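Student: Sequence plus predicted model, see below.
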Amino acid sequence: MKFNSLVALILAAALGWAAASLWNRQKGNSGSTKVALKSATSVYQCPMDPWVKSDKPGTCTLCKMKLVQMGSRVTSDSADSSNDNLLILSPGAARVAGIQTAEVKKLPLTRSLRVSGMIGEDELRHGVITAPVEGRLDGLAMSCEGEKIQKRQPVATIFSRTLLRAAADYKSILARTNAGAEMDAARKRLEEYGLVYEQIQSIPNRQEDDIHFGLVSRQAGVITKSYVTEGQYVKEGEKLFEIADFTRMWFMFTAYEQDLPFLTTGRMVDIHTPSLPGETLKGRIDFISPNLDGMTRSARVRVVLENPDRRIQNNIFATGTVALDAPEVLAIPRSAVIWPGTEPRVFVQVSPGNYEPRAVKLGRPGDSLWEIVEGVREGEQVVTAGNMLLDSQAQLDEIPVHSNAAPTSAAIVRSDSDPASALRKFLQAVSAINESLANDDLEAANHALGHLPSIPEGAIKTAPPFAGGDLKELRKAFLPWSQEISDMALNQKNLFPELHIFSCPMTKNLWAGAPANARWVQWSAELHNPYWGKQMFDCGVEVKP
């Protein structure tokens with residue numbers, strides 16, 4: 001895996017530097033100082049196998065990588081001997097390590113909320129065509145679901161004695177003089193029986209043998225359901241058709257309690273759906289439910305999507321990204337923060353080549369930034385690349401780190417301990433079970449369960465499921481175990497930044513009593529849903545700590 005290769009590179013480089021004495025801490029009776037040694041000649045070193053060196057350019061005899069010039073060592077007067085907590089790196093070593101820094105400054109804390117849900121019809125535009133009077137349907141202009149219909153378009157012809165009597169009364173009243181009030185009442189009765197203005201106006205010219213009237217739609221849309229057949233006798237008020245207007249759609253998603261303060265009506269949402277690959281749909285939040293679900297502590301949010309060409313289909317899965325308000329705070333890149341133990345830390349570049357480890361207290365996380373509460377000051381430079389290597393050397397040299405941040409309440413496994421290695425192996429095995437379930441491969445899932453490695457004591461309480469002969473039953477037993485593993489993995493996310501935790505909003509439909517938004521862990525960034533399998537392989541959204 002990429003992460004293991006990176007770790008191997010870091011450890012090998014750290015050992016190489018230690019062996020080559022690129023780092024040096026010279027201790028005396030008066031205290032600890034650091035002296036950067038001098039070198040009379042340039043040294044060429046392999047970045048992958050740092051013990052391979054040469055006094056001239058060339059390639060590594062082991063991996064064939066190009067040797068990198070380390071350059072001359074810095075002299076001792078370049079080090080800050082007054083600071084006992086500094087690591088000193090020569091310019092050549094800094095280049096090999098790929099040390100990069102960024103300035104601590106006030107920046108907008110951009111944060112995106114990623115959600116998932118369903119796109120469906122605008123329920124406010126859903127219509128039902130009913131029989132205005134009793135009668136017999138002697139013809140259907142619309143009989144198939146999915147047919148488009150325009151406003152005032154005929155949908156059926158009806159034979160109704162009630163309509164025939166009302167039309168005859170209207171025609172008789174029309175022939176009289178001074179029958180204004182009666183005429184208005186007769187016209188209103190015909191309107192109540194479902195006739196439109198043009199139909200009423202044509203009554204005087206109707207032939208005696210014309211016994212049918214057309215039933216017209218009061219709205220445009222698409223027939224989504226038909227309840228009748230030709231020749232059927234219907235009663236007044238009986239359903240004939242249901243109509244949906246798909247020119248406007250709703251994207252409905254669930255927002256959790258902690259995210260609701262950041263959501264407001266009118267905010268734009270970028271939406272993606274597998275049915276329109278590569279396209280980004282844009283809509284505005286139209287409604288946020290004031291009622292929170294007592295179990296999930298979440299509320300339903302509605303986004304309106306214009307769909308004039310009806311390209312967006314009904315009842316499809318979609319994901320959305322909401323850009324939340326971004327207050328300006330003192331912030332650093334997220335890559336600058338490392339978690340070697342129970343508290344986060346950064347490396348501050350005091351001067352070129354001189355780096356100081358500091359514990360920090362973090363505030364709110366953004367997409368690419370962390371808010372800084374304590375530990376560094378505005379204008380200072382923090383290391384954003386190569387900091388894991390610096391931390392390896394700091395631990396070898398036992399350099400103390402002053403702590404300004406309170407320890408986290410969650411139980412954290414140290415990254416340099418055996419439990420961390422065991423936890424990684426365990427999570428990799430769990431990810432293999434997930435992958436097997438996502439592929440509906442019962443045999444592979446049972447095999448992975450049978451070869452499950454041990455886990456550090458106390459990490460989770462729920463026992464793993466037993467191998468079984470039915471995918472649904474195995475998923476049912478797997479879900480609560482996976483939930484607890486995901487919660488634990490979120491607390492340990494700093495140790496395994498390449499680990500992904502996903503959540504599926506549709507798990508409540510799996511079986512009676514199944515929870516909504518069930519989670520699972522993956523080492524792959526490509527979403528593979530173990531609960532639905534191939535039925536909804538990519539249903540879900542990533543959960544961020």
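Tutor: Noted; the coordinates are in hand.

Student: hey, which helix or strand in this protein has the poorest pLDDT?
Tutor: Least confident element among the helices and strands of the chain, by mean pLDDT, DSSP states H and E: strand 31-33 (a mean of 34).

Student: Give the burial count for Pro91, as a bare number.
Tutor: Look at Pro91: counted by other C-beta atoms under 10 Å, it has 16 neighbours. Heads up, the C-betas are built off the backbone N, CA and C, glycines and all.

Student: Verify the contact between it and Gly353 for me.
Tutor: Yes - counting by C-beta atoms under 8 Å, Pro91 does reach Gly353; the two are 6.5 Å apart.

Student: was I right about Phe287 contacting Gly266?
Tutor: No - contact between Phe287 and Gly266 fails when scored by C-beta under 8 Å: they sit 10.9 Å apart.

Student: And the average pLDDT for the longest strand along the chain is what?
Tutor: Ranked by number of residues, the top strand in the chain under DSSP state E is strand 111-121. Mean per-residue pLDDT for strand 111-121: 88.

Student: Helix or strand next in line after that strand, which one?
Tutor: Per DSSP states H and E, the first helix or strand lying C-terminal to strand 111-121 is strand 127-130.

Student: Below-threshold pLDDT in the stretch 151-300 of the chain: ranges please.
Tutor: The stretch 151-300 of the chain contains residues with pLDDT under 70 at 177, 179.

Student: which residues in it form helices?
Tutor: Secondary structure of the stretch 151-300 of the chain by DSSP state H, counting those that start in this stretch: the helices cover 161-174, 180-192, 197-201.

Student: What of the stretch 401-545 of the chain?
Tutor: 418-438, 442-450, 471-491.

Student: Same list, the ones you listed, but as CSV with mean neighbour count, distance to Gln201 and mean pLDDT please.
Tutor: Converted to CSV, the helices of the stretch 401-545 of the chain look like this (neighbours: other C-beta atoms under 10 Å; distance: least, C-beta to C-beta, whole Å; pLDDT from 0 to 100):
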stretch, mean neighbour count, distance to Gln201, mean pLDDT
helix 418-438, 20, 64, 80
helix 442-450, 16, 70, 81
helix 471-491, 18, 63, 85
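
Student: and the ones you listed as CSV, adding distance to Leu137?
Tutor: Shown next, in CSV, are the helices of the stretch 401-545 of the chain (distance: least, C-beta to C-beta, whole Å):
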stretch, distance to Leu137
helix 418-438, 49
helix 442-450, 52
helix 471-491, 45
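
Student: and of those, who's closest to Pro132?
Tutor: With C-beta to C-beta as the measure, helix 471-491 is the member of those nearest Pro132 (48.4 Å).

Student: Mind exporting the C-alpha coordinates of that closest one to CSV?
Tutor: Presented in CSV, the C-alpha positions along helix 471-491 are these (Å, rounded to 0.1, in the frame of the first residue of the first chain):
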residue,chain,number,x,y,z
LEU,A,471,-25.7,-13.2,3.0
LYS,A,472,-28.6,-11.3,4.6
GLU,A,473,-28.1,-13.0,8.0
LEU,A,474,-24.3,-12.4,7.8
ARG,A,475,-24.9,-8.7,7.0
LYS,A,476,-27.4,-8.5,9.9
ALA,A,477,-24.8,-9.9,12.3
PHE,A,478,-22.0,-7.8,10.8
LEU,A,479,-23.7,-4.4,11.0
PRO,A,480,-23.5,-3.7,14.8
TRP,A,481,-19.9,-4.9,14.9
SER,A,482,-19.0,-2.7,11.9
GLN,A,483,-20.8,0.2,13.6
GLU,A,484,-18.6,0.0,16.7
ILE,A,485,-15.4,-0.5,14.6
SER,A,486,-16.3,2.6,12.6
ASP,A,487,-16.7,4.7,15.8
MET,A,488,-13.4,3.4,17.1
ALA,A,489,-11.7,4.1,13.7
LEU,A,490,-13.0,7.7,13.8
ASN,A,491,-11.2,8.2,17.1
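
Student: Distance from the chain centre to that helix, please.
Tutor: 19 Å (C-alpha atoms, centre = their mean, to the nearest Å).

Student: Which parts of the stretch 1-150 of the chain are strands?
Tutor: For the stretch 1-150 of the chain, the strands defined by DSSP state E, counting those that start in this stretch cover 26-28, 31-33, 44-45, 53-54, 68-69, 87-88, 100-103, 105-108, 111-121, 127-130, 135-140, 148-149.

Student: right, and the ones you listed - which one's nearest Ala255?
Tutor: Of all the strands of the stretch 1-150 of the chain, it is strand 111-121 that lies closest to Ala255, at 6.8 Å by C-beta to C-beta.
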